[in-house]
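Novice: No sequence on hand, only this structure:
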């Protein structure tokens, strides 16, 4: 059996090396060695995602690598999740995420959701083709402080504004931060419709959400 | 100059009489407004369910007639068509607005945006591959639309280009989905090679059949990047895609056809790969993905024909007439000198783009795109 620091560092390596099976195996070993799920998640999985994010931002890693690292983190989270609940570990924050009405693309949204989960956020994924009211409903139900809106098409871009307006109408706009993302979105457009931010990719979205909950 | 001659001079990196125009696709609703009547859209994936409700021969004729009229009204110099579904193919329609194509990909159609999205893929795990069989590229009827289009376009002196499944895009978007593609690429590379080999055979066989019925230009619908860069590490693009794409392009060149590589997204890291494959033109350089076409022209304008860059994310759908006009003039100024430029949008004409803005784009090119340009 490895020392706890050693297992954690092997978990970091396995996620960075995109080895999903090895990550699962090591997370199981770490729990058996009585390392807390919180420590495995923050010092192991989240640290690995930070390294992968850095590699992605500097052009060393590409989208398929980000996806595989996200898969490894998601699998690790599934193994660690039961231990989070029993030990009441505080997650970083709650995010409601979905793809706008009329748009069935979920790749970008799924990568963002997985990255957030792997980094310690609780994510409520509404799926694709989501009506504005559904975002509001879910925020009311979960008390989430962040709303992530994904949009791939210029055709459906105006629906992002509908969602911002729905939060204004429900008098919840000052309770949530709204972040948009997807090919036709820009920071300028986010400002124009009254959203708080626009992320060019999942890692930038993660950094923004982390800033908001700090 | 006749349209065909105009566009071919651009492919040969020579100056025509004016900048030629093309679009990979024009949305059916927009096309209906341009033509003044509805016609069955020409589209390979998914085959539109309505097109199976009418007699096939009639559908093919109506599609091609409407399509040629649309491209003529827009003064486009080269048609863009798609292969037709095989004669014996009957789509599976599990529920309203859902269709499963001959590859096994499931699409859902959203009437509001007039677009269809792949919602399920046939190959998601290694065991799916064992029972999967690729469609026959030479299935009876697959070249019906191209053959009729070639005959009708001849009368108008229009060149004809036809879509072919792009090796990367078709694998990612139709056969597997990006998540499964990433899984195969990094975990089961040998199985991915197997898929790519079968798809390459399909592409080469279909391409040759299209050339045999008179298609002179083939375009790969081959999205390989998003706005942050390539989907996959460039070293893996080189390994998995470049040799197979080159094999396809070589076999089309041998038969005298020209090849356009289409990919949305930030593609600067892939340009050298595509030049090494030997494609004749590259399309469509999205401004939204930071593709600076003036820079592309400076770097590659003497090596390959460049096409596109009129912004479909903001200028065309949401811009004013002046915004459209100014952007067209700016792009012509940057790219027209010495030839080798075809004006197109930075993707295709979709439903959110007002017909008025399409017409401004066209009119500006007709007046400002006249050579010589210094």
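Specialist: The structure has been received and is ready for your questions. Nothing here was measured: the structure is a model prediction, and the numbers come from that model. Numbers count the residues shown, from 1 in each chain, chains lettered A, B, ... in the order given.

Novice: if you skip the residues just before and after it, what's nearest to residue A:190?
Specialist: Leaving aside its sequence neighbours, residue A:190 sits nearest to residue A:198 (Cβ to Cβ, 6 or more residues apart in numbering or on different chains; 4.0 Å). To be clear about C-beta, it is placed using only N, CA and C from the backbone, and glycine gets the same treatment.

Novice: give me phi/psi at that neighbour?
Specialist: When read as degrees, to the nearest 10, the backbone of residue A:198 gives phi -130, psi 130.

Novice: Any stretches of chain B with poor pLDDT?
Specialist: B:43-52, B:374 (pLDDT under 70).

Novice: same deal with chain A?
Specialist: A:1-2, A:85-89.

Novice: Return the residues of it in contact with chain B.
Specialist: Counting by Cβ under 8 Å from any Cβ of the partner chain, chain A comes close to chain B at A:18, A:20, A:59, A:61-65, A:67-68, A:71, A:101-105, A:107-108, A:110, A:129, A:153-156, A:183-184, A:186, A:200-201.

Novice: can you pull out the strands in chain B?
Specialist: B:78-81, B:98-100, B:106-110, B:115-120, B:159-165, B:217-221, B:225-226, B:229-230, B:258-262, B:281-283, B:305-307, B:341-342 (DSSP state E).

Novice: just so I know, which of the ones you listed lies nearest chain A?
Specialist: Nearest of the strands of chain B to chain A, taken as Cβ to the nearest Cβ: strand B:115-120 at 3.7 Å.

Novice: what's next to that closest one, contact-wise?
Specialist: Contacts to strand B:115-120, defined as Cβ atoms under 8 Å, 6 or more residues apart in numbering or on different chains, come from residues A:103-105, A:153, A:155, B:46, B:98-99, B:105-110, B:173-174, B:177, B:350-351.

Novice: rewinding a little: got a quick ChimeraX command for the buried subset of the residues of chain A next to chain B?
Specialist: The buried residues among the residues of chain A next to chain B can be selected in ChimeraX (16 or more other Cβ atoms under 10 Å in any protein chain shown) with this line:
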select /A:18,20,61,62,63,64,65,67,68,71,101,102,103,104,105,107,108,110,129,153,154,155,156,183,184,186,200,201
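
Novice: Among the residues of chain A next to chain B, which are located in helices?
Specialist: Judged by DSSP state H, these include A:20, A:63-65, A:67-68, A:71, A:107-108, A:110 as members of helices.

Novice: would a markdown table of the residues you listed with distance to residue B:88 be doable?
Specialist: Below are these laid out as a markdown table (distance: Cβ to Cβ, whole Å):
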| residue | distance to residue B:88 |
| --- | --- |
| A:20 | 41 |
| A:63 | 38 |
| A:64 | 37 |
| A:65 | 42 |
| A:67 | 38 |
| A:68 | 40 |
| A:71 | 39 |
| A:107 | 33 |
| A:108 | 38 |
| A:110 | 37 |
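
Novice: farthest pair in those?
Specialist: Greatest spacing in these, by Cβ to Cβ: A:20 and A:108 (20.5 Å).

Novice: interface residues of the stretch 251-374 of chain B facing chain A?
Specialist: Residues of the stretch 251-374 of chain B lying close to chain A (Cβ under 8 Å from any Cβ) are B:264, B:288-289, B:312-314, B:317-318, B:350-352.

Novice: could the strands of chain B be laid out in TSV, adding distance to residue A:165 and mean neighbour count?
Specialist: Below are the strands of chain B laid out as TSV (distance: least, Cβ to Cβ, whole Å; neighbours: other Cβ atoms under 10 Å in any protein chain shown):
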stretch	distance to residue A:165	mean neighbour count
strand B:78-81	38	26
strand B:98-100	31	18
strand B:106-110	21	19
strand B:115-120	24	18
strand B:159-165	39	25
strand B:217-221	36	25
strand B:225-226	28	23
strand B:229-230	33	23
strand B:258-262	36	25
strand B:281-283	37	26
strand B:305-307	38	27
strand B:341-342	41	27
